[in-house]
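J.: Structure, please.
(8 chains)
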Protein chains: 8
Amino acid sequence: MDREKIEELLGNVKAGKIEVDEALRILKSLPYEDLGFAKIDTHRDLRRGFPEVILCQGKSIEQITKIIEKLSSGNEFIMATKVNKQVYEAIRNMRADAVYHEAAGIVLIGKRKGKTTKKTILVVSAGTADLPVAEEAAVTAEAMGNTVERLYDVGVAGVHRLFDNKERLFRANVIVVVAGMEGALASIVGGLVDKPVVAVPTSVGYGASFDGLAALLTMLNCCTPGVVVVNIDNGFGAGYFASVINQMGEKK
Amino acid sequence: MDREKIEELLGNVKAGKIEVDEALRILKSLPYEDLGFAKIDTHRDLRRGFPEVILCQGKSIEQITKIIEKLSSGNEFIMATKVNKQVYEAIRNMRADAVYHEAAGIVLIGKRKGKTTKKTILVVSAGTADLPVAEEAAVTAEAMGNTVERLYDVGVAGVHRLFDNKERLFRANVIVVVAGMEGALASIVGGLVDKPVVAVPTSVGYGASFDGLAALLTMLNCCTPGVVVVNIDNGFGAGYFASVINQMGEKK
Amino acid sequence: MDREKIEELLGNVKAGKIEVDEALRILKSLPYEDLGFAKIDTHRDLRRGFPEVILCQGKSIEQITKIIEKLSSGNEFIMATKVNKQVYEAIRNMRADAVYHEAAGIVLIGKRKGKTTKKTILVVSAGTADLPVAEEAAVTAEAMGNTVERLYDVGVAGVHRLFDNKERLFRANVIVVVAGMEGALASIVGGLVDKPVVAVPTSVGYGASFDGLAALLTMLNCCTPGVVVVNIDNGFGAGYFASVINQMGEKK
Amino acid sequence: MDREKIEELLGNVKAGKIEVDEALRILKSLPYEDLGFAKIDTHRDLRRGFPEVILCQGKSIEQITKIIEKLSSGNEFIMATKVNKQVYEAIRNMRADAVYHEAAGIVLIGKRKGKTTKKTILVVSAGTADLPVAEEAAVTAEAMGNTVERLYDVGVAGVHRLFDNKERLFRANVIVVVAGMEGALASIVGGLVDKPVVAVPTSVGYGASFDGLAALLTMLNCCTPGVVVVNIDNGFGAGYFASVINQMGEKK
Amino acid sequence: MDREKIEELLGNVKAGKIEVDEALRILKSLPYEDLGFAKIDTHRDLRRGFPEVILCQGKSIEQITKIIEKLSSGNEFIMATKVNKQVYEAIRNMRADAVYHEAAGIVLIGKRKGKTTKKTILVVSAGTADLPVAEEAAVTAEAMGNTVERLYDVGVAGVHRLFDNKERLFRANVIVVVAGMEGALASIVGGLVDKPVVAVPTSVGYGASFDGLAALLTMLNCCTPGVVVVNIDNGFGAGYFASVINQMGEKK
Amino acid sequence: MDREKIEELLGNVKAGKIEVDEALRILKSLPYEDLGFAKIDTHRDLRRGFPEVILCQGKSIEQITKIIEKLSSGNEFIMATKVNKQVYEAIRNMRADAVYHEAAGIVLIGKRKGKTTKKTILVVSAGTADLPVAEEAAVTAEAMGNTVERLYDVGVAGVHRLFDNKERLFRANVIVVVAGMEGALASIVGGLVDKPVVAVPTSVGYGASFDGLAALLTMLNCCTPGVVVVNIDNGFGAGYFASVINQMGEKK
Amino acid sequence: MDREKIEELLGNVKAGKIEVDEALRILKSLPYEDLGFAKIDTHRDLRRGFPEVILCQGKSIEQITKIIEKLSSGNEFIMATKVNKQVYEAIRNMRADAVYHEAAGIVLIGKRKGKTTKKTILVVSAGTADLPVAEEAAVTAEAMGNTVERLYDVGVAGVHRLFDNKERLFRANVIVVVAGMEGALASIVGGLVDKPVVAVPTSVGYGASFDGLAALLTMLNCCTPGVVVVNIDNGFGAGYFASVINQMGEKK
Amino acid sequence: MDREKIEELLGNVKAGKIEVDEALRILKSLPYEDLGFAKIDTHRDLRRGFPEVILCQGKSIEQITKIIEKLSSGNEFIMATKVNKQVYEAIRNMRADAVYHEAAGIVLIGKRKGKTTKKTILVVSAGTADLPVAEEAAVTAEAMGNTVERLYDVGVAGVHRLFDNKERLFRANVIVVVAGMEGALASIVGGLVDKPVVAVPTSVGYGASFDGLAALLTMLNCCTPGVVVVNIDNGFGAGYFASVINQMGEKK
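T.: Predicted coordinates for the structure are as follows:
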């Protein structure tokens, strides 16, 4: 489209319908992306089959529904994160096809297109209370077209359950580790596998967990390489990143 | 080998040379990894062509040389990080083939085997003072068999240099962003590309940079997905992780 | 007035009605500002057309209404910040002319006198959730007699929207940048323009945003000069400062 | 120049020397700023008479001299900050015209062009130990073409010296306040004047000053509006910002 | 009493009624204070006219009323701090003579005995929102037998009100300064007077006030000597300490 | 059992019923603990008479009841910590034998087997508000088969009560010290006794207690050896650890 | 003097030598303190017998000697704090009468006038490493005309030495407690006496003492009233404040 | 001795040589411990065979040697910790029998008496750089009469070495875990064994390890019970505590 606009402009210059000076002025005032700044296109490529994402936390219901309304005209697939029940109900009033993944706090609207890769992302979590963040990561990765496995409640206190499932660890292509409190699970998993590990500290814990700071520092200081970290409670970011690297080398 | 040991044991049981009780006792006392805990082997696979790594910071010269001596018997390729000149000289006294990448603070001993992937890791850095960490990432990635490009000194104050090189950003398969002070470069790069970005905060800066804390928090809070973070000044970790994901889907 | 008081005193000394000792005693006991400490007057100058300001946060409704009552007798123009709905209603019961800028949490009472400068303050904000702080800055600047433009929702994740509006950035006289999470928008804007940039970190975000600390540190470490910082969520302070420098060199 | 390049291109399209497709391809591959992204030019405008700046802290002498060598070919006026004696000597070996402002840690090379505004920037500092940062601000502002006055050692313990000089406070157009320890001086000055105040916390102090954190927080929480803050010890940033707003409304 | 017990014991030893060994055993098992450890007595002295104090924060209503019940049997004068309305009502149900100082969050039960010193404690506070802590200090000091004056709302933004009242500052024997946000008021008062200043940081503020941390650090770093600090929001502690030093040298 | 499985396997190998290759494959796929990793058994030993523990904080009522349901089938003795009233009621609906220790926030289900050691654990607490954490430690230790004594409300302000009870301090085998605010009680007790002291900082306090950080740091810096620390408010952890060391050397 | 100046002015007005307008102009331009702002005088009163103080930390030797030179002309008694040996030698070169209290890091020049009060300040310190700060407090208090006693090395690990000296605690009029590590000594002393306690946290310690932060927080959270706090390592501030309150009610 | 003093006193009372009043006065003025406060004696018991300990960090050589000189007269066994080479040499000049455990930074003077328990303390450490702290713990425990085993360099990156040594973990009576960086080793060991684990965070690491803070928080948040924590780098404290609990139930 934008390409056409510029082609047309150049055509008009060639045809003498527009003076050089005028063409120059128009070129300068074109919106940035009209000049073909590559990201836009790549993004469009990337987003085939991937949802538009709305972070609902910190936004009013009014703001959220307005955004969804705007997106509804153009996008086939919309994803809202950090959605509580009240927000979900407001969304469903607008879009009857909205599906609420309550444990993940995610609402999906419309259908993802495109195939699902068979390479597995394994989401591992430490404790029951880490589940919302783990599910946010898992549902995000599924929404982006990945096969996702879950291995929950295998924290240090029940670490033998982790060892019992070592085959699943070895089989996965990418591993997301979700843990609060001391966050040591990322270190243990990172020490067992040679797959990329995306670590998500959670704010689960009390006292000196300082709302996730302890787990965050643990994961950043992880002495096995192969472990990277996202923000506290950022299940979405981990699922997204895991998806990006899980599909590397694949045709989109 | 270990596999063979167990096969031999089972063979002996079958042949009646060893009693069941005795076999049971032996099985239990075998070192853990002898039972085929997968990591060992995969690691061996992984490490074809990849060096043993020694973090020299916090170790005495005596400890470092002792470790290198031990590794020298078995490994063909050794990498030492956070190496200052004095440590380097001690290493070269033992191993004349040690090569010092001074800007990176890395010493490589021996030769890497295996081919180099053509997929590119682009190491982007913000300022001149971030160079040691950027080089640590770049040399690590090279030592692991990757094609590495460098795009240095493109921080916010000179951000047009980044935009001038957007083609290189789009061409890269994985991007490592190294930045101190406010660390905003990771956000900008993450907002421009849809490639995985590994962000490395550095301790470069003064005052409220608090030895890299500011850059670390910036990168963790990055609001574009697709950006993950490693420890402050951890160029090695970033180069290592970038290498792992750059070679995903490749035959090793 | 105070000037007159002293003149009168000196006149009485001259006329011999008051002894030197007595005059000395009176001079010493005069209230400080009676001696013409300049601030009072300048302030009066400055405040032509500018409201008295009440920060409502941390004050009880009773305290707020009492203050407004007191101010109502003398001031023509009153501004209350960090006002929630309940507080607003209490105010409107006293002053029917109170206008509530709900998004900004600001109530304006009475009418500003004086002209509005045509030089523009541009308020740029990163995300939808930053809107209350951005509006606080914008409404404050308007109340102080400035032409204000708004450029919202142009954070890093949608940075092309910022580039699309570069003309507005270049046209502005002063720019206020409001951003939470990683706060990198201030760095980007500061890298694009040579206008003074007043950066306002917001407490928007979660996890390692630590209630605005991440954005604050980012902005303080901004490596392009020309960026200064106010307190987290301090939209009023940014709007006020932007107004002061926007009107520099103007006749008041 | 770039403008000419595009004009030439359009001219060639018009003349039929270049096909539309080819022109489109060339347009896309032009470096970003060639499309007239305004900053470059404005910067050039801005920088008439203003030095190129090098922050020396964190850079090796070799890196610094290399940068100065490169800048020497094109720029008439170069400024290096956070320069210690050893670095200065290395610079003087290259450029005999380098002038060292030792107290400020600044080296100026070449001569500034352009006139000096008569509007005054007043640099106020709390204690003797804050002098290096105060001088960095003052020398920066002078190098940018401002009339600078200094009012030093007027911290809280000797606050009467500040009151004695109130006329200088009222006369100044912009005030820079430099203070370590508790940093309260910015609050006091901000409470006395209605001029823009740029506050610079310094790392001067001990114990719970936590390397400038105490002063930084004090200044950020300043309850008089009209005070903005830069990074700890960032005298350069304060001097630069003060200069930008001091010259607002002036012809450049 | 205890003294008597030991006298009796020694008398019995003297009289041969108790053997030395037995006396030794008894001496060792006596409660500590029975041996006349001085504090008990001094305390009793000190407390003539001073209330028993209960910090209600963190205690359940049940616990509070139980404590008051126990104290009611013996003490004539009881003081409860950090009391909200609900707690007050529970107290009044027990003790009809309970008086609620609502602004201070203090309940006084019974009557203080002893005279009131004429030397004045002046409680100075910065803003309206600091009032509860200021009142806690003032009411505590009054309850301990001091003449208390209040000088409120004289923070930096209205610092001329402080200067207008300098006579009251000079007349006071001890000054308590209560301030949140940047807490600079303590520095200013400390710079004006040579009386002991007890500074109370409050949690009033937002953003980088970090719940009183900013004010606390400011006050600790105060560069005029003669200023000491108590915990954030600890109006009681400041009032208590001010009382102790206000009555130094007085007969009790 | 597992032992039998392997014995059977080896028997089959011996008998020629299973080939060596097949046996090898089976050995590798056995769950980890089947190989006799000792912890499982020891744990079973340890847990004779000790409850399964569920930390209820951060879990939904639904999750908690599901876990208890699962545990109810196998375990005779279940302990739930950080239980509020609402959770307790949900538990009692399932298990009528649930006993709620309200002050401790602990629910015990079923009966502990095994004897109770006569060696005493003394739980010492500083203030009334520390009681919930102290009770959590005490009830945990009782549930694990220890004789527990309580010495409450002996904080620094009433330290003579501690000295009065020195015999109880000397008689105890292990001491748990629970204190918020400044946490100095651990230091004092540690300075008086030569018994192991387990210190529990609590989040009791306000202002610069920073939710238990002050008490935590105090206890970690304790200059008498013999004092160790657990997480803020972790009464359970302290009671558990105290129990383990109290029963050292005992037959289980 | 200044008083005389104004008297003269008024006399001239009376005598008709100066017009009222002219007198008004002169009055306004007089330096602030000329108008009799009380502090100056009181300070002069206060300072009878008290030294001018120079904090040497953060100042260059050149700056220090310049200040002493200036003070030497007018003051009879000068005190320099945080003085190392090198600084001391520079001072002695100027003033042969300089006396170095090496343990305290204090240099005294000239002789104090005025009597010494017999009321005692007791300086109590926890460990040998706290000695420099304790001595700074003690020497300061002595220099200000107080009788000072020292009770050192009575920290928690050797707390019985404190109890052995309880008589000295009870006899003192004011107590300064100096302690690093966990800083619990202030709590213990505060719990034993009813005298005002000035607590000085020191940076002595390692690990989680975080350069004095642990001791600072402990002291701020002290649950016995009667304890106030100064900055970490601020022995001078404690000695000064102790002196001020020790001499309350005394004729000066 | 003291016992004798009191017996003598009582004897004199009995014999009528001393009046009851006089005896009472003497009793009160006796040093505290003379009254038989139990700790002294128990300590003496405890210390049979245990050294007097001097923490050398923060003390001058002069102070250290003076302390050792004083202790040399009475004690047979002295231990100095955090000793560098220079301090060691000063000690050896006084006491030729001083033995320097250089890796541990410990000097032992004289010979320990008493037997060595056969129950084992296992000191486990994560990395080579943690060795000094691990050795400090190990040598301390040996000096206190324990059998100590060492299992070093088994951190997460080489966790299979830990699993290989599981028998040693199970055999130990008490385990000390020493780890820097992310400190996850304590969690892993705590998850494997049911022995008491004393965790020592070390300051080993860089960047977001923040001098041991990361490891400290990890260990405090450890979600397996049975793990307690001492100060960062406090090997001595861990060795001491491990010794106390290792010898519980033993005759001394």
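J.: give me the low-pLDDT residue ranges for the stretch 101-250 of chain A?
T.: Low-confidence segments of the stretch 101-250 of chain A (pLDDT under 70): A:157-160, A:250.
J.: hmm, try it at 80
T.: The stretch 101-250 of chain A contains residues with pLDDT under 80 at A:112-114, A:156-161, A:163-164, A:166-167, A:223, A:249-250.
J.: all helices in it, in order from the N-terminus.
T.: A:131-143, A:159-164, A:166-171, A:185-192, A:213-220, A:235-246 (DSSP state H, counting those that start in this stretch).
J.: Now render the ones you listed as a markdown table, adding distance to chain F and mean neighbour count.
T.: Just so you know, the C-beta spots here come from the backbone N, C-alpha and C atoms, and that holds for glycine as well. Shown next, in a markdown table, are the helices of the stretch 101-250 of chain A (distance: least, C-beta to the nearest C-beta, whole Å; neighbours: other C-beta atoms under 10 Å in any protein chain shown):
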| stretch | distance to chain F | mean neighbour count |
| --- | --- | --- |
| helix A:131-143 | 8 | 27 |
| helix A:159-164 | 4 | 19 |
| helix A:166-171 | 7 | 16 |
| helix A:185-192 | 12 | 28 |
| helix A:213-220 | 9 | 31 |
| helix A:235-246 | 15 | 28 |
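J.: Wait, A:Leu151 touches A:Glu167, no?
T.: No. If you go by C-beta atoms under 8 Å, A:Leu151 and A:Glu167 don't touch, sitting 10.8 Å apart.
J.: how about the helices of the stretch 101-250 of chain A, which one is nearest chain C?
T.: helix A:213-220 (6.1 Å; C-beta to the nearest C-beta).
J.: picking up where we left off before, okay if I get the helices of the stretch 101-250 of chain A as TSV plus distance to chain H?
T.: Converted to TSV, these look like this (distance: least, C-beta to the nearest C-beta, whole Å):
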stretch	distance to chain H
helix A:131-143	15
helix A:159-164	4
helix A:166-171	12
helix A:185-192	4
helix A:213-220	4
helix A:235-246	18
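J.: Mind putting the ones you listed into JSON lines with distance to G:Phe210?
T.: As requested, the helices of the stretch 101-250 of chain A are exported to JSON lines (distance: least, C-beta to C-beta, whole Å):
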{"stretch": "helix A:131-143", "distance to G:Phe210": "30"}
{"stretch": "helix A:159-164", "distance to G:Phe210": "32"}
{"stretch": "helix A:166-171", "distance to G:Phe210": "38"}
{"stretch": "helix A:185-192", "distance to G:Phe210": "25"}
{"stretch": "helix A:213-220", "distance to G:Phe210": "15"}
{"stretch": "helix A:235-246", "distance to G:Phe210": "31"}
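J.: Which of these sits closest to D:Ile121?
T.: When the helices of the stretch 101-250 of chain A are compared by C-beta to C-beta, helix A:213-220 sits nearest D:Ile121, at 41.1 Å.
J.: Let me see the residues that make contact with that closest one.
T.: Applying C-beta atoms under 8 Å, 6 or more residues apart in numbering or on different chains, the external contacts of helix A:213-220 come out as A:179-184, A:186-187, A:199, A:201-202, A:205, A:208-209, A:227, A:229, A:232, B:216, B:220, B:229-232, C:207-208, H:182-184, H:207-210, H:213-214, H:217-218, H:220-221.
J.: got the residues of chain A near chain B?
T.: For chain A, the residues in contact with chain B (C-beta under 8 Å from any C-beta of the partner chain) are A:37-39, A:42-43, A:46, A:53, A:166-167, A:170, A:173, A:192-196, A:198, A:216, A:220-222, A:225-232, A:236-237, A:240-241, A:244-245, A:248-250.
J.: before we move on, the earlier item: next step: the contacts of helix A:213-220 restricted to strands.
T.: A:Ala179, A:Ala199, A:Pro201, A:Val227, A:Val229, B:Val229 (DSSP state E).
J.: My guess is the last one contacts A:Val229. True?
T.: Yes. B:Val229 sits in contact with A:Val229 when judged by C-beta under 8 Å, with a separation of 5.1 Å.
J.: Could you check how far A:Lys82 is from chain D?
T.: Separation of A:Lys82 from chain D (C-beta to the nearest C-beta, to the nearest Å): 29 Å.
J.: Kindly report the same for A:Glu167.
T.: 48 Å.
J.: what does A:Ala199 give?
T.: Applying C-beta to the nearest C-beta, the value for A:Ala199 to chain D is 29 Å.
J.: So what sits opposite that residue in the bridge?
T.: A:Val177, A:Val229 (DSSP bridges).
J.: what's the single longest strand in chain A?
T.: strand A:117-125.
J.: Got phi/psi on A:Gln247?
T.: phi -100, psi 10 (degrees, to the nearest 10).
J.: hang on, it packs against A:Lys115?
T.: No. With contact defined as C-beta under 8 Å, A:Gln247 does not reach A:Lys115; the gap is 10.4 Å.
J.: More neighbours: those two, which one.
T.: A:Gln247 (21 against 11; other C-beta atoms under 10 Å in any protein chain shown).
J.: show me what contacts that one?
T.: A:Thr117, A:Lys119, A:Met144, A:Gly145, A:Asn146 are the contacts of A:Gln247 under C-beta under 8 Å, 6+ apart.
J.: buried set for stretch A:93-100?
T.: Using 16 or more other C-beta atoms under 10 Å in any protein chain shown as the test for burial, stretch A:93-100 gives A:Arg95, A:Ala98, A:Tyr100.
J.: Would you check how far apart the second one and chain F are?
T.: By that I understand A:Ala98. Counting by C-beta to the nearest C-beta, the gap from A:Ala98 to chain F is 23 Å.
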